[in-house]
Structures are given as C-alpha cells and as structure tokens.
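> Any chance you could fold what I've pasted below:
(one chain, ligands or ions: 1)
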Amino acid sequence: MAKKKKEIPLTGITVSKEEDFSAWYTELINKAELADIRYNIKGFVVYREWATITIKIMYAKYEELMEKNGHLPLTMPSLIPESNFLLEAEHVEGFAPEVFWVTEAGSSGKLSERLALRPTSETALYKMYSLWIRSYKDLPFKRYLSCQIWRYEGKMTRPFFRAREFHWIEGHDVFSTMEGALIQVKEDMEVTYQMLQDEFGIPIIFFERPQWDKFPGAISTYAADALMGSGKVLQLPSTHLLGQNFSKPFNVKFIDRDGEEKYGYQTCYGPAISRIYGAMIAYLGDDRGLILPFDLAPIQIIIIPIIYKGKEEIVIKKAKEIYNHLKDKFKVKIDDSDESVGNKFYFWELKGVPIRIEIGPKDIEKGEIILIKRHDDKKSTIKEAELESKIDKIAANYTKEIKEKSLIDFESQVECVYEKDAAIEAINNGKIVCCGFCSIDMDAYQCAELVEKEIGGFVRGKRVDEEKHEFATCLICGKPASCTVYIAKSY
Ligand SMILES: [Zn+2]
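Predicted coordinates for the structure are as follows:
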C-alpha cells in the first residue's frame with residue numbers, strides 16, 4: 001500500500017489580536033513575511049515583497065489624487081546643508097535631536113559643513129522655492145515629493161509603525177493669502193479621509209493638535225488619529241499651517257497684483273505611506289492573518305485545484321481555463337504547488353488574498369465553482385457561467401464591506417467624562433476620553449502634563465469636525481473650559 005504523504009501543517013498565528021495586540025502584530029509581520037527586522041542597523045527595516053507591492057499601489061493612489069488636486073511631482077536631494085536647517089529656529093530645535101548627520105566623505109575626510117539626511121524637506125525645498133517663485137502668477141504653487149526620510153527615533157521601533165527610516169509623501173504648497181493656505185489645509189484633510197477611510201479602510205478622526213504638540217515651526221497642526229483596536233491611537237497624516245513662518249526666513253516672496261513684494265503663505269502635508277500600511281494591516285487583520293482592500297492585494301484571486309487521484313488533468317485544465325478567463329482583469333494565481341489543500345487555504349488566508357476559488361472534480365461535473373471571501377469567510381457555490389459577473393460584484397463591494405465593518409467601531413470607543421477618576425477608568429478600559437479642557441494654547445500645558453501623569457493618556461487636541469462644546473469646566477484644573485478635547489494612549 002502506498003504511504004500517504006504526510007502533511008506538515010503550517011503553524012498559524014498563535015496569539016489572538018484581542019488578547020495581545022503587540023505579539024499578534026509581530027507574528028503577523030513574520031509569518032506573512034511582510035518585513036524583516038534582522039537587517040544590521042538598529043531601527044532600519046527591510047520591507048518584503050508582499051508589503052512592497054501593496055505600498056507601491058498605495059503610493060500610486062495617493063499620487064494620483066494629489067496630482068488631480070493640482071500638485072506636481074518633484075525629486076529632491078536627500079542631503080540638506082546645516083546652514084539651511086538653521087534658518088527657522090523652532091524647526092531646528094524640534095528636529096535637532098533626531099537628525100542623522102553626514103560629516104565625512106571619501107578619502108578627503110571631514111566635510112566643511114555638516115549635511116543632514118533629511119528628516120523632512122521644508123528647509124531643502126523652500127530655498128529652491130525662493131528661486132522659483134516670482135509673481136502672483138506662479139501661485140498657488142503646489143508640489144509633492146515621494147521619498148524616504150530619516151529620524152533618529154528614540155522610542156521603541158516597530159516595523160511600519162515607527163522606524164528610523166520611513167517612506168512618505170510630502171506636499172508643500174504656497175499661496176498668496178492666508179485664506180488660500182487655510183483652504184489647502186481643508187483639502188489635505190479631505191484627501192486623507194478619501195485615502196485612509198475610503199481606500200484603505202482605516203477609520204480616522206482629525207484633531208487640531210495642542211500648541212505644545214504641533215509641527216516645529218508651524219502655526220498649527222491638524223493630525224489624523226486612528227484607533228488601532230488596542231485602545232491606543234496612532235497618529236496618521238498631518239497637515240500643517242505654516243503661514244509666513246518659513247517664507248520669511250527662506251525668502252519665499254512674490255510680486256503681487258498691486259506691484260508690491262509679499263511673503264507667501266505656506267502649508268505642508270505629510271502622509272507616511274509606510275506607517276499607513278502598518279495601521280491598515282494592524283486595524284483590518286484578524287487572527288488568521290491579513291485582510292486587504294481589494295485594490296491593494298498583491299494577488300486578488302487565488303485558484304486552488306482540489307486534486308483527486310485520476311482526476312488531476314481535468315482539474316488542472318479547468319483551473320487554467322478559469323485563470324485565463326480572469327487574468328486580464330484581475331491579479332490572479334493558480335496554486336498548483338504540492339502543499340496540502342489545507343495548507344494552501346491557510347497560507348493564502350494569512351496573506352489576505354480577497355477571493356479564493358476552489359475547483360474539484362465533483363464541482364466540474366456539476367458545472368459549479370466555489371468562491372470564498374477572505375474578509376467575512378462567506379462561501380458561495382455558483383454556476384460556471386456566472387463566474388465573471390459574480391467576481392465583478394465581489395470586487396466592487398469588497399472594500400466597501402470592509403469599510404462598513406470598520407467604521408462603526410470608532411464612535412463606540414469614545415467616552416465622555418466629567419471627572420478625573422472616570423477618565424482614568426475609561427483610559428484603562430481602552431477608551432478614548434472626551435472632556436472639557438481649559439484650552440489648547442501653551443498656557444494649558446500644565447494641565448496636559450497632569451493628564452499624562454495622572455490619567456495615563458495624551459491630549460490629542462480639538463476634533464476638527466465637531467462644533468459643539470458642552471463642558472463647563474476643565475477636567476484637570478476646574479477652570480472654565482474653552483474647548484472639548486480628546487485624550488488617548490498613543491503608539
Ligand atoms: Zn485646565
């Protein structure tokens with residue numbers, strides 16, 4: 001009797017996301033082969049193929065939308081001379097502790113001026129803007145970069161979420177009026193909602209950050225926070241109103257219609273694609289692995305031939321037929337490896353492939369095909385003739401369904417409180433606290449420090465889309481509250 005081939009079962013994710021988010025995330029990254037942290041510079045991570053393909057699609061979607069809104073692409077050098085850096089005092093102070101400096105080159109040794117590996121590009125770009133922008137006719141001037149940046153991060157790094165090198169887009173815009181700049185801030189927020197919520201399935205809320213937590217050198221910062229399912233929020237893209245804080249030291253001037261020379265009003269916007277990827281897989285994934293929006297999946301449809309002895313040929317033939325039928329429209333693959341069927345199911349679930357097609361000899365006899373959706377595990381048996389229309393329908397709705405599931409969650413995580421004890425309890429229960437606060441200006445910094453110390457969360461700021469304010473007093477000092485703020489733990 002022939003010995004049955006022994007199945008080596010793949011080991012799954014062994015930790016549940018709900019019980020130990022951190023350990024679950026680490027296993028997901030390793031087992032789905034998304035990143036490798038064994039590269040031998042601390043805080044620098046290798047992105048594996050499966051992650052890189054998705055990140056490239058995310059870039060393309062973002063770039064397309066930014067260009068549609070009037071941005072043109074630019075490519076800038078990665079090094080910034082220290083003299084550029086020193087021009088805006090608050091900016092230097094904010095970034096100095098995190099800058100990587102290049103101080104030596106080649107055999108000639110020490111450089112005459114230190115060069116920063118860009119931690120962000122304002123001080124590189126605006127020097128050039130001062131050469132390019134001449135007249136009101138050049139405005140609005142909207143450009144973006146898709147690039148890597150480097151920051152010597154002191155906090156614990158985690159692949160995609162936080163590392164010492166990350167991948168992002170920077171938008172840098174100049175306007176002739178403050179009003180124009182404010183409209184741009186709104187556009188940046190809309191773009192963020194469109195990308196993160198609609199395309200990537202991550203629920204966000206925009207906050208105007210308190211003054212002690214704004215981008216160094218900005219007038220104000222508006223940042224999106226996502227809830228990660230562990231009671232903690234993660235800061236995602238932020239847009240910054242710079243006003244004339246940079247245009248003055250960098251001489252970004254224009255001749256206005258009235259013939260007078262004026263300084264431009266600026267904004268900058270920084271969606272970190274690698275971090276958004278991390279947020280997306282962390283938020284959408286489950287205990288079986290990745291769940292990916294349909295467009296972002298490196299493979300959208302996996303065909304698994306269920307092979308029985310003597311029926312190999314007919315099953316493989318049918319699998320190829322279906323493959324040929326779908327390949328022009330979708331990213332599709334046949335898994336004809338010699339793994340067991342169970343292991344194949346398991347592996348492609350881990351990878352988050354949205355649709356699995358199963359074809360066995362009995363199905364072929366009946367002219368039927370079995371389809372399984374990854375995100376909700378729904379199985380349907382369809383007639384072969386309906387294949388294309390059925391897959392079109394799943395493809396069109398898949399991301400929408402993920403989004404609907406994920407968006408309901410957010411509001412339920414918020415708890416309004418009137419006393420400190422209630423705030424502590426809510427934060428410990430993994431909630432976002434909503435409460436009254438004296439203000440988000442620098443004079444409220446002491447209250448914010450107490451929030452950190454006694455409540456164990458951070459003041460995320462004022463919700464941008466919320467007009468109402470109904471708290472009488474500040475949660476901390478008891479003085480009249482000027483605004484409603486949200487407090488949460490963060491990554
Ligand atoms: Zn206060």
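
> Now Leu284: closest residue in space, sequence neighbours ignored.
Distances taken as CB to CB, 6 or more residues apart in numbering place Ile291 nearest to Leu284, at 4.3 Å, with adjacent residues excluded. All C-beta atoms are positioned from the backbone trio N, CA, C, and that covers glycine.

> Also Arg151?
Glu98 (4.2 Å).

> Kindly report the same for Ala385.
For Ala385, ignoring the flanking residues on the chain, the nearest one in space by CB to CB, 6+ apart is Gly367 at 7.8 Å.

> Might one say that that neighbour is in contact with Glu384?
Yes. Using CB atoms under 8 Å, Gly367 is in contact with Glu384, at 5.0 Å.

> which of those two has more neighbours?
Set side by side, Gly367 and Glu384 show more neighbours around Glu384, with 17 against 10, by other CB atoms under 10 Å.

> Next, the contact list for that one, please.
When contacts are counted by CB atoms under 8 Å, 6 or more residues apart in numbering, Glu384 touches Gly367, Glu368, Ile369.

> out of those, who's nearest the ion?
Ile369 (62.9 Å; CB to the ion).

> Now that closest one: which helix or strand?
Ile369 belongs to strand 368-373 when assigned by DSSP states H and E.

> Now that strand - C-alpha only, CSV.
Extracted as CSV, the C-alpha positions of strand 368-373 are listed here (Å, rounded to 0.1, in the frame of the first residue of the first chain):
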residue,chain,number,x,y,z
GLU,A,368,-20.0,24.7,-10.5
ILE,A,369,-17.3,26.7,-8.8
ILE,A,370,-16.8,27.6,-5.1
LEU,A,371,-15.9,31.1,-4.1
ILE,A,372,-14.8,32.2,-0.6
LYS,A,373,-14.4,35.8,0.5
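
> which parts of it are buried?
Residues Ile369, Ile370, Leu371, Ile372, Lys373 are the ones in strand 368-373 that count as buried (16 or more other CB atoms under 10 Å).

> can you pull the contacts of the second one?
The contact partners of Ile370, by CB under 8 Å, 6+ apart, come to Ile357, Glu358, Ile359, Gly360, Asp363, Lys379, Ser380, Thr381, Ile382.

> picking up where we left off before, name all residues that make contact with the residue nearest to Leu284.
For Ile291, the contact set (CB under 8 Å, 6+ apart) comprises Leu284, Gly285, Gly352, Arg374, His375, Ile402.

> where does it land on pLDDT?
We have a pLDDT of 97 for Ile291.

> for the stretch 51-200 of the chain, which spans come out with low pLDDT?
For the stretch 51-200 of the chain, no stretch has pLDDT under 70.

> can you map out the strands along it?
For the stretch 51-200 of the chain, applying DSSP state E, counting those that start in this stretch gives strands covering 72-74, 79-81, 100-105, 109-117, 141-150, 165-175.

> what's the closest of those strands to Asn343?
Distance to Asn343, taken as CB to CB, is lowest for strand 165-175 among these, at 32.6 Å.

> packing partners for that closest one?
The contact analysis (3 or more CB pairs under 8 Å, 6 or more residues apart in numbering; DSSP states H and E) places strand 165-175 against helix 49-68, helix 122-132, strand 141-150, helix 178-192, strand 265-269, helix 273-284.

> Give me the buried stretch members for the next helix or strand after the strand holding Ile369, please.
The helix or strand immediately downstream of strand 368-373 is strand 379-383, counting by DSSP H and E. Residues of strand 379-383 classed as buried by neighbour count (16+ other CB under 10 Å): Ile382.

> Sheet partners, orientation included, of strand 379-383?
Strand 379-383 sits in its sheet next to strand 368-373 (antiparallel), going by DSSP bridges.

> The strand it pairs with: how far from the chain's middle?
Centre-to-centre, strand 368-373 and its host chain are 32 Å apart (CA atoms, centre = their mean, to the nearest Å).

> Now do Ile402: how many residues are near it, please.
The burial count for Ile402: 22, using other CB under 10 Å.

> Which pLDDT value goes with it?
pLDDT, read off for Ile402, is 92.
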